[in-house]
Each structure stands twice: as C-alpha cells, then as structure tokens.
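[1] Okay, sequence plus prediction incoming.
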Amino acid sequence: MSVMTAQKPPTRLRRMAWPVIGATATVGAAFFIRAVDPNNGGYPFCPLKAVTGLDCPACGGLRCVHALMNGDIGTALDQNLIAVFVLPMIVIWAAFALAARWRGDDAVGANSSADVDAQGNAALKANALRVLWVGLIVAVQIAFWVIGGLVMVALPIERVRGEHRLAEAPVVALDVAGATPLADAVGAAGIDPVRAELTTTPRGPVWVLTPAEGAPVRLSAVSNQPLPAYDADEATRLAIAQYQGPGQVVGTELLPEAPVETGRAGPLWRVDFDDPEGTRFYLDTATGAVVSRRSDLWSLFDTMWRLHILDFGPGGDNINSWWIILLAAVSVIVVITGLILLWLRIGRDLAVRRAVQTKR
C-alpha cells in the first residue's frame, strides 16, 4: 500500500520574494516614466506602428502613464482611454494577489482536492466581498446620479427657471432721438466702458455702462444722472407688476451683495411670493427690472445638479471635476471586476459539476 507524504508549504519569505521584486520593479518603472516625459522621446518605438503606421491598443500607453502619475487625468484619457481603466484594475488585482500570497491562500501542502476547492472558493468569496465593499462606496454616488437624473428630467425646465411666473412685459420702443449721446453719458459717468447698452426700464431709457472692472454704471438717458435706488415699497410694486400667478408678496429685502444663486454682482432687491414654488424675484436696485428668478423648485434642481456633477463651488457648473472623473472610473472598474468574478465563479461551478459527473 502506497503512502502519500505531505508536501511542506513554502515559507512566507519564499512566497513573497518574487512578487515583491516584481511589484518593486513595476513601481520603480512607473516613477521613472513619471520623471522622464515620453513626449520627449528616449523610449523604444512600437514595432507595429513603425511597420504598418497603425496604432496598437498599447500606443500612447507610456504617455498615458506619465499623465496619470502626474495627476493629469484629462491628458491620460486622451492618450489611451483603455489604459486609464485597465491599469487600475491591474493594480487592484495585484494588490489582491499579494495579499493572498502573504496569507498563504495559494500555498498547497498535503491538502486534498476538496481542500483546494474549498480554498479557491474562499478566496473567490473574499475577493467578491472586497469588490462589494468598494461597490457600496460608489453606489452612493451612483444613487445620486440616478435620482438626480430622474428629478432633472421630470421637472419642466420652464417651471424650474420660473418663466411661467414672469408677466409678459409690454413692448416699448426706445426713444433713441430723445436719448443723450453715448459720448456725453460716458463723460458724465467718468469711466472707460468696455460695453454700452441703451435699454428701456420702468424709469425710461437708461444707459448701462460696463467698465473693465467693477459694477455697471446706470445713467438716465434723458438727464445723464445716476439712477437713485428704489425703496422697499417701490421694489414691491415693481415686483408685483412683473409677476403673474396666485402668490402674494410675503417679504421684501435689500441685499447688499447678490446671492450666489443669482449669478449676479452688486446689491439687489429680493421679493418673495407665497406661491406653490416659493418664487423669489431679484430686482435691479436702479432700474427695477427682474434680473433673476429663483424658487424652491429651482433650489431642488440645483441641489440635484450639484450632486450629479459633484461641484459645490460658487458656479456649480464644472462637469469635469476630479471627483466625478474618479468615481466614474471606479464605477467602471467595479463593474468590470464584478463581471470577471462572475466569470470565474461560473467556470468554477462548471468544473465542479463536471467533476461530480465524472465520479458518477
């Protein structure tokens, strides 16, 4: 009767030697590419490119790695889109493999085939659990993307902008003949404008002179005198005249600085209405014109938009922020990694089924 002797598992030092050497060399090569710009030459040429003139899937890879190592994701995407998504997957796989080597999950001694299968299943489940935790992190942002997208497409943009609450203003022809010459208005203002506009306001024709820096200057196009600011009662009356809807004025406030949501600068009158949307008009303190319309509906839309693009700055319009690029890339990696794990699981299950059928 033959006796099977147990094979002694390799020590941790032997298991980790070559993987650590390989990882160290890879990291060193990455930092070398970071320091030495491939755009300046000095690297081996692509044989396929040299012979056929065609780009292979790896073309631009070195420039992509150089851009990634320097934090320039935009350039990396432009140089090699595939590498931007594949390289992080390789790093994640290498990290999992090194961790398995360190724990000895891949060390086989005097284990039976059943033990080997059990170890493989345990490693597969452990990797799936890690992907699940990473997926839960990005799932929060994915939920924001889905919910935000649903809210933004469900809300009519006209109602979000408050266009239905702004009464149609009567068309009034400009009294160009009675307006003062532009040169006289500029001399009275004492500035060098980069833009001049003659417009109609509740106070008659007005010159709006915009300097290179600072707030616009508004002068009466009849007297060339600065327009005095409206008081609260006048601002309320003008807001009511330009509003249509069931709401009543519930508040009028002079704001020394325009809120960020208006996208304006300088002082403004804010007039609130108690309609279902919570409409608020922002009026120019000199002309009385409604320069911005906002509401609670607009605030909801703006919040969803900012969560969608992950830009919480004053403008709220940066669709290329680092956060959204990073989370989008991680989301793609999680999906691809999940598909790989699913493929491995299906392959393992089929192998087990075949083994059972063979024994029968």
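    Arrived safely. Residues are numbered from 1 along each chain as shown.
[2] List the buried residues of stretch 240-257.
    Of all the residues in stretch 240-257, those buried under the rule 16 or more other Cβ atoms under 10 Å are Ile240, Gln242, Tyr243, Gly247, Val249, Thr252. For glycine as for every other residue, the C-beta is placed from the backbone atoms N, C-alpha and C.
[3] Could you point out which residue ranges in the stretch 1-150 of the chain have low pLDDT?
    Along the stretch 1-150 of the chain, segments meeting pLDDT under 70 span 1-9, 41-42, 44-59, 105-137.
[4] coming back round to it: and of the buried residues of stretch 240-257, the nearest to Arg354?
    Gly247 (72.7 Å; Cβ to Cβ).
[5] one step back: now the buried residues of stretch 240-257 in CSV, please, with extra columns for pLDDT and secondary structure.
    Below are the buried residues of stretch 240-257 laid out as CSV (pLDDT from 0 to 100; DSSP: H, G, I helix; E, B strand; the rest coil):
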residue, pLDDT, secondary structure
Ile240, 94, helix
Gln242, 92, coil
Tyr243, 95, strand
Gly247, 93, coil
Val249, 95, strand
Thr252, 95, strand
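[6] which one among those gets closest to Leu283?
    Gln242 (8.2 Å).
[7] Okay, the closest one and Val290: tell me how far apart.
    Gln242 is 5 Å from Val290, where distance means Cβ to Cβ, to the nearest Å.
[8] so what sits against both of these two?
    The overlap between the contact sets of Gln242 and Val290 (Cβ atoms under 8 Å, 6 or more residues apart in numbering) consists of Leu166, Phe281.
[9] Output the below-cut-off pLDDT ranges for the stretch 251-360 of the chain.
    In the stretch 251-360 of the chain, residues with pLDDT under 70: 359-360.
[10] residue ranges of the strands in it, please?
    Using DSSP state E, counting those that start in this stretch, the strands of the stretch 251-360 of the chain run over residues 268-273, 280-284, 290-294.
[11] mind listing the helices for the chain?
    Remark: helices assigned in the chain by DSSP state H are 12-35, 47-52, 61-69, 73-79, 81-103, 113-154, 157-161, 182-189, 232-241, 296-309, 322-359.
[12] OK, contacts around Gly247?
    Per Cβ under 8 Å, 6+ apart, neighbours of Gly247: Arg165, Phe273, Asp274, Asp275, Thr279.
[13] quick one: which of the residues you listed is most hemmed in?
    By neighbour count, taken as other Cβ atoms under 10 Å, the most surrounded of the contacts of Gly247 turns out to be Thr279 (24 neighbours).
[14] how about Asn318, what does it touch?
    Contacts for Asn318 (Cβ under 8 Å, 6+ apart) come out as Ile309, Asp311.
[15] Return the distance of it relative to Ile324.
    Going from Asn318 to Ile324 by Cβ to Cβ gives 9 Å.
[16] Overlap of the contact sets of those two?
    Contacts common to Asn318 and Ile324, judged by Cβ under 8 Å, 6+ apart, are Ile309, Asp311.
[17] Save the contacts of Gly247 as CSV, and put in distance to Gln79 too.
    Output for the contacts of Gly247, formatted as CSV (distance: Cβ to Cβ, whole Å):
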residue, distance to Gln79
Arg165, 49
Phe273, 53
Asp274, 56
Asp275, 52
Thr279, 49
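[18] Show me which of these is closest to Ala258.
    Lowest distance from Ala258 to the contacts of Gly247 (Cβ to Cβ) belongs to Thr279, with 17.2 Å.
[19] how near is that closest one to Gly148?
    As for Thr279, its distance to Gly148 is 23 Å (criterion: Cβ to Cβ).
[20] what does Asn40 give?
    From Asn40 over to Gly148 the distance is 43 Å, taken as Cβ to Cβ.
[21] just to revisit the earlier point, would JSON lines of the helices of the chain with distance to Thr201 be doable?
    JSON lines is the format used below for those (distance: least, Cβ to Cβ, whole Å):
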{"stretch": "helix 12-35", "distance to Thr201": "59"}
{"stretch": "helix 47-52", "distance to Thr201": "65"}
{"stretch": "helix 61-69", "distance to Thr201": "52"}
{"stretch": "helix 73-79", "distance to Thr201": "44"}
{"stretch": "helix 81-103", "distance to Thr201": "52"}
{"stretch": "helix 113-154", "distance to Thr201": "34"}
{"stretch": "helix 157-161", "distance to Thr201": "22"}
{"stretch": "helix 182-189", "distance to Thr201": "15"}
{"stretch": "helix 232-241", "distance to Thr201": "10"}
{"stretch": "helix 296-309", "distance to Thr201": "25"}
{"stretch": "helix 322-359", "distance to Thr201": "41"}
